[in-house]
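K.L.:
fold the following and give me the result.
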Amino acid sequence: MWLGWAAAVILVKDGDFAFVLVILTLLSGVITGLDNLLFRKGRNAFASSKALVEYLGKYTQEQRDSLESYLKQDLIVGEYARSFFPVLAIVLVLRSFIVEPFQIPSASMVPTLQVGDYILVNKFTYGLRLPVLGTKVVELGEPQRGDVMVFFPPHKDIYFIKRVIGLPGDQVTYKDKMLTVNGKPVTQTFLAELPPINPQVELFSENLLGAEHLAHKNKRVLRKDDFSITVKPGHYWMMGDNRDNSSDSRVWGQVPEQRIVGKAFAIWMHWPSFGQLPSFSRDGLIQ
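P.N.:
Residues are numbered from 1 along each chain as shown. As a prediction, the model looks like this:
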């Protein structure tokens, strides 16, 4: 039961959950500590002694029922806090510093990630950060060009997932659906048109100066969002692999380092809706 409950907890997607989880962990820890120090021993001794029978004998039935109810409630509060605290603490540590699961809600990273993919995000690749505050406390590494990264965009506190295109100081140009990074064209190799009948998208392999991955272009969409930018220090330029169906840095700008959540590294389940059975056919590392 606890494992199922914990799994449900860490699948919550909203950024506010980190704050709620910290508060719940602290609250259950404080209650457990107070119960251990002040109440548990006395309650157990009192409840198990013959004095309780004599003590209750001095009261009416209604008063005895009220006192017994109070003792039971006190016991329940202490035991519930004692049971919840280790589970919450483990979830908090796992989610904040090691790995966190996410569900892909949109098609902006197709074909790399499909709607309904459940992925795992490494929380320490880019350094350890305090939950809620996001302050980096241990330096372990920095995002690399081509990484698939989870982050908060600069305009709202909602998890986004895109590919790192530009690192701090990079000159990134996008013209006629072709990328150039630091003056070097990003190679695109055509693979197929999809679907085979009445095709709408082009599937291609893109070599992002050493980081190779799949991407889509929509044959019927002409986006007027060509640009040439220099990535600011401490910032990253993010784009979706589904280039013509992605709200990314072309829309809301560069992502500050402080808004990074972690590196997506694996798909562990595909479950597009509750009306369908989950599948594990897409399990594997994210390229």
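K.L.:
and F280, how many neighbours?
P.N.:
The tally of other residues near F280 (other CB atoms under 10 Å) stands at 12. C-beta coordinates here come from the backbone N, C-alpha and C atoms, glycine included.
K.L.:
so how far is L94 from the residue lying closest to it once chain neighbours are set aside?
P.N.:
Spatial nearest neighbour of F280, chain neighbours left out: M269 (6.0 Å); criterion: CB to CB, 6 or more residues apart in numbering. Distance of M269 to L94, computed by CB to CB, to the nearest Å: 17 Å.
K.L.:
just N182 next, same as before
P.N.:
Per CB to CB, N182 is found 38 Å from L94.
K.L.:
now for the host helix or strand of A192, which elements pack on it?
P.N.:
Element membership for A192, per DSSP states H and E: strand 187-194. In this structure, strand 187-194 makes packing contacts with strand 201-208, judged by 3 or more CB pairs under 8 Å, 6 or more residues apart in numbering; DSSP states H and E.
K.L.:
show me where the stretch 151-287 of the chain has strands.
P.N.:
For the stretch 151-287 of the chain, strands defined by DSSP state E, counting those that start in this stretch occupy the ranges 160-166, 171-175, 178-181, 184-185, 187-194, 201-208, 211-218, 227-230, 235-239, 255-256, 260-270, 284-285.
K.L.:
for Q171, report the pLDDT, please.
P.N.:
Q171 carries a pLDDT score of 98 in this model.
K.L.:
an error on my part: the question was meant for L37.
P.N.:
70.
K.L.:
and the one 10 residues further on, by the same measure?
P.N.:
If you check A47, the pLDDT there is 54.
K.L.:
same question for the one 3 residues further on.
P.N.:
Looking at K50, its pLDDT stands at 46.
K.L.:
how about the one 4 residues further on?
P.N.:
Looking at E54, its pLDDT reads 54.
K.L.:
likewise L27?
P.N.:
Model confidence at L27, given as pLDDT, is 77.
K.L.:
state the helix or strand in which it lies.
P.N.:
Here L27, judged by DSSP H and E, is contained in helix 16-34.
K.L.:
neighbours around Y118, how many?
P.N.:
Counted with other CB under 10 Å, Y118 comes out at 19.
K.L.:
state the distance from it to I104.
P.N.:
8 Å.
K.L.:
give me the common contacts of those two.
P.N.:
The overlap between the contact sets of Y118 and I104 (CB atoms under 8 Å, 6 or more residues apart in numbering) is empty.
K.L.:
isn't Q254 up against P233?
P.N.:
No: at 10.3 Å, Q254 does not count as touching P233 under the criterion of CB atoms under 8 Å.
K.L.:
neighbour count winner among these two?
P.N.:
Neighbours were counted for Q254 and for P233 using other CB under 10 Å; Q254 has more, 19 against 7.
K.L.:
who's in contact with the residue nearest to the more buried one when sequence neighbours are not counted?
P.N.:
Counting by CB to CB, 6+ apart, Q254 lies nearest to H235, which is 4.0 Å off, once chain neighbours are set aside. Neighbouring residues of H235 by CB under 8 Å, 6+ apart: 168, 254-257.
K.L.:
who wins on neighbours among those residues?
P.N.:
When neighbours are counted by other CB under 10 Å, V255 leads the contacts of H235 with 25 neighbours.
K.L.:
which residues sit in contact with it?
P.N.:
Contacts for V255 (CB under 8 Å, 6+ apart) come out as 151, 153-154, 235-238, 249.
K.L.:
bridged to it, which residues?
P.N.:
Using DSSP bridges, the bridge partners assigned to V255 are Y236.
K.L.:
ok, it to I286 distance?
P.N.:
Per CB to CB, V255 is found 18 Å from I286.
K.L.:
same check, this time on N207
P.N.:
Distance of N207 to I286, given as CB to CB: 17 Å.
K.L.:
coming back round to it: in CSV: the contacts of H235, plus distance to F85 and pLDDT.
P.N.:
As requested, the contacts of H235 are exported to CSV (distance: CB to CB, whole Å; pLDDT from 0 to 100):
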residue, distance to F85, pLDDT
P168, 41, 98
Q254, 40, 98
V255, 35, 98
P256, 34, 97
E257, 33, 95
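K.L.:
where do the domain boundaries of this protein fall?
P.N.:
Listed domain ranges for the chain are 2-98, 104-285 (source: automatic domain parsing).
K.L.:
mean pLDDT lowest where, among the ones you listed?
P.N.:
Among those, domain 2-98 carries the lowest mean pLDDT, a mean of 60.
K.L.:
ok, the residue nearest to E212 when sequence neighbours are not counted - contacts?
P.N.:
For E212, ignoring the flanking residues on the chain, the nearest one in space by CB to CB, 6+ apart is S205 at 6.2 Å. By CB under 8 Å, 6+ apart, the residues touching S205 are 188-189, 191, 212-215.
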